[in-house]
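1. Show me the folded form of this:
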Amino acid sequence: MNAPDYLPSKAAARANRAFYKAFEKLDLDLMRGVWLDDPSVKCIHPGGEVLTGPDRVHASWAAIFQSTRKIRFEIADLAIEIVGEMAWATGIERIRASTEQGDVHSEAAATNLFVKRGEEWRMVLHHASPIARHFFQE
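-> Numbering: from 1, shown residues only. Modelled structure (predicted):
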């Protein structure tokens, strides 16, 4: 492997991409693989409550995946910061989804927090908040 592959920022960016890949594939096994298996993990979906622990977090993903036919993300203004064994990615999620209720186009401000375990970055927090200023149009 090239030396740049070992740069922490590249590894953290790969972990963030893996999260959105699992989300877009609506694949619960891939999503479980992104997260740290620890009771402290937390997830806050847009407009939702704080979900704590792997059981509640993964149950929320299962429910989302079950009611979603297709979802795609465009991530704008992505920034990745690393301090020691922690990395966080912030950005704007431009979301296009097909659900049981119809098509949804929205934006959310998101923060994804990762911790380094061995050579891997694992998610410990996903927090997305709806952006009320506007919704983008196709």
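2. C-alpha only now, for contacts and for neighbours.
-> Fine.
3. show me the contacts for residue 57.
-> 41, 42, 43, 51 (CA atoms under 8 Å, 6 or more residues apart in numbering).
4. so where do the strands sit in this structure?
-> Ranges of strands within the chain are 42-44, 51-52, 68-83, 86-99, 102-117, 120-130, based on DSSP state E.
5. Mean neighbour count and mean pLDDT added to those, as JSON lines?
-> Below are the strands of the chain laid out as JSON lines (neighbours: other CA atoms under 10 Å; pLDDT from 0 to 100):
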{"stretch": "strand 42-44", "mean neighbour count": "21", "mean pLDDT": "98"}
{"stretch": "strand 51-52", "mean neighbour count": "19", "mean pLDDT": "98"}
{"stretch": "strand 68-83", "mean neighbour count": "15", "mean pLDDT": "96"}
{"stretch": "strand 86-99", "mean neighbour count": "19", "mean pLDDT": "95"}
{"stretch": "strand 102-117", "mean neighbour count": "18", "mean pLDDT": "95"}
{"stretch": "strand 120-130", "mean neighbour count": "21", "mean pLDDT": "97"}
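6. Serialize those strands to a markdown table and add fields for distance to residue 27.
-> Shown next, in a markdown table, are the strands of the chain (distance: least, CA to CA, whole Å):
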| stretch | distance to residue 27 |
| --- | --- |
| strand 42-44 | 17 |
| strand 51-52 | 19 |
| strand 68-83 | 11 |
| strand 86-99 | 15 |
| strand 102-117 | 18 |
| strand 120-130 | 16 |
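7. Looking at these, which is nearest to residue 21?
-> Each of the strands of the chain was scored for nearness to residue 21 using CA to CA, and the closest is strand 68-83 (9.2 Å).
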